[in-house]
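Engineer: Got a predicted structure plus its sequence, pasted below:
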Amino acid sequence: MRKIIISALGILLLIGAFLLAQYFIKTKNKPKPIYDKIVKTVFIDTVKNREIPIVISSSGNLTAKNKIELFSEVQGVLQPSRKEFKAGTNYSKGEILLSINSDEFYASLQSQKSNLYNLITSVMSDIRLDYPDDFEKWENYLHNFNLKNITPKLPEFSSDKEKYFISGRGITTSYYNVKNLEVKLRKHRIRAPFNGILTEALVTPGTLVRVGQKLGEFINPAVYEMEVAINAAYSNLLKIGNAVTLHNLERTKSYKGKIIRINGKVDQMSQTIKIFIQLADETLKEGMYLEADLIAKSEQDAIEISRKLLVENSSVYIVNDSILNLVKVNPVYFNSESVVIKGLPDNTMILKQSVPGAYDGMPVKINKSN
């Protein structure tokens, strides 16, 4: 029985070896599979050289062109006005912004006026005797003198003798003391120098205001300025009066402005120069952050492409007979996302989008829906 099992296993082993040999014979001459080479599809643009404006981008905050900080030059208690002295209140030119109590100061002024009047009255008899030709003008001056009104100007002196006489009696000194007090009295009322809006109010009615104390801030919301810093290398390309396009960060709104001033000093640390742009729009507010596009000059026979297409800042890929070729170009201006280049002939096919793994001589297929 044992011999029969061994013989059967030997026969099966021979049959298996024969079948394996037949398989190797058949597969030996079988041709190797041919795999299709993958050719990437690319999007292209056709070069059309034209005049490209060089736009310098910068940003800054708006500041009202007409803006004043309100300070007190006198002391007193702040009185209520017709309009509340609070941020957001609008005032017309000449309207009272705030009023400081001046009762004590007014009484002092009236005392000085009365003193001036008495001094002139005390010398009228001497003027009648020594300067009869000038008596009438001084008499008319006293008749027109009213303590409730602004002190009239002293009569013109007819001679040096009259001038010395009047000055020697202390009348001239007293007159200018009165005029000085009248100027200070007017400072108890602060009026709007232009149509505008109060943007900051630091005092309320009943507050004791001191000399030199800041009271608030007043602006004209019709016209704004924006200060931007640009590279000093481009300063000679910008001129006063150049148009400027501005927009918000979301680029949903745009505004028109113009350059009104160019600083003559270059910042040593950043090597930038400050440009001042003026613009007006009813939707603008002080402190808004805007981006400005300043047109400096134009480049002839140039195109603008994405910076992603530029290879090592000096070359780009073009498509020639379905083959990528790396060619040298002349970049003339770099923007944040684009670059202006020169050196490509018209009708040259250039990549519209960057191709991962691209190399010089790479076969490609142009997208027909380009």
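Structural biologist: Sure thing, it's come through.

Engineer: who's in contact with the spatially closest residue to G76 that is not a sequence neighbour?
Structural biologist: Leaving aside its sequence neighbours, G76 sits nearest to I100 (CB to CB, 6 or more residues apart in numbering; 4.0 Å). For every residue, glycine as well, the C-beta is placed using N, CA and C. When contacts are counted by CB atoms under 8 Å, 6 or more residues apart in numbering, I100 is found next to 72, 74-79, 188-189, 209.

Engineer: hmm, 10 Å instead?
Structural biologist: Applying CB atoms under 10 Å, 6 or more residues apart in numbering to I100 gives the contacts 72-79, 187-190, 203, 207-209, 215.

Engineer: Any chance of a PyMOL selection covering the buried ones in those?
Structural biologist: Applying 16 or more other CB atoms under 10 Å to the contacts of I100, the buried members can be selected in PyMOL as follows:
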select buried, resi 72+74+75+76+78+188+190+203+209+215
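
Engineer: Just the contacts of I100: which are in helices?
Structural biologist: Among the contacts of I100, no member falls in helices (criterion: DSSP state H).

Engineer: hey, where'd the strands end up in the stretch 101-250 of the chain?
Structural biologist: Under the criterion DSSP state E, counting those that start in this stretch, strands of the stretch 101-250 of the chain are mapped to 189-191, 196-201, 208-209, 214-219, 224-231, 243-247.

Engineer: what angle sits between the second one and strand 214-219?
Structural biologist: Angle, strand 196-201 to strand 214-219, by axes from the mean of the first three to the mean of the last three CA atoms, to 10 degrees: 150 degrees.

Engineer: Please apply the same query to the fifth one.
Structural biologist: What separates the directions of strand 224-231 and strand 214-219 is an angle of 80 degrees, with the same axes, to 10 degrees.

Engineer: Give the buried residues for strand 224-231.
Structural biologist: Using 16+ other CB under 10 Å as the burial criterion, the residues of strand 224-231 that qualify are 224-226, 228-230.

Engineer: Of all pairs in the residues you listed, which one spans the longest distance?
Structural biologist: The largest distance within those, taken as CB to CB, falls between Y224 and I230 and amounts to 18.9 Å.

Engineer: what about A302, which SS state?
Structural biologist: Each residue gets one of three states, and A302 gets strand by DSSP: H, G, I helix; E, B strand; the rest coil.

Engineer: if we can go back for a sec, beta partners of the residue nearest to G76?
Structural biologist: Beta-bridge pairing of I100, defined through DSSP bridges, involves L78.

Engineer: same check, this time on I273
Structural biologist: Applying DSSP bridges to I273 yields these beta-bridge partners: I230, V266.

Engineer: if we can go back for a sec, could you dump the strands of the stretch 101-250 of the chain into JSON lines and include distance to P155 and mean pLDDT?
Structural biologist: What follows is those, written out as JSON lines (distance: least, CB to CB, whole Å; pLDDT from 0 to 100):
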{"stretch": "strand 189-191", "distance to P155": "30", "mean pLDDT": "93"}
{"stretch": "strand 196-201", "distance to P155": "42", "mean pLDDT": "94"}
{"stretch": "strand 208-209", "distance to P155": "38", "mean pLDDT": "92"}
{"stretch": "strand 214-219", "distance to P155": "40", "mean pLDDT": "95"}
{"stretch": "strand 224-231", "distance to P155": "49", "mean pLDDT": "91"}
{"stretch": "strand 243-247", "distance to P155": "58", "mean pLDDT": "90"}
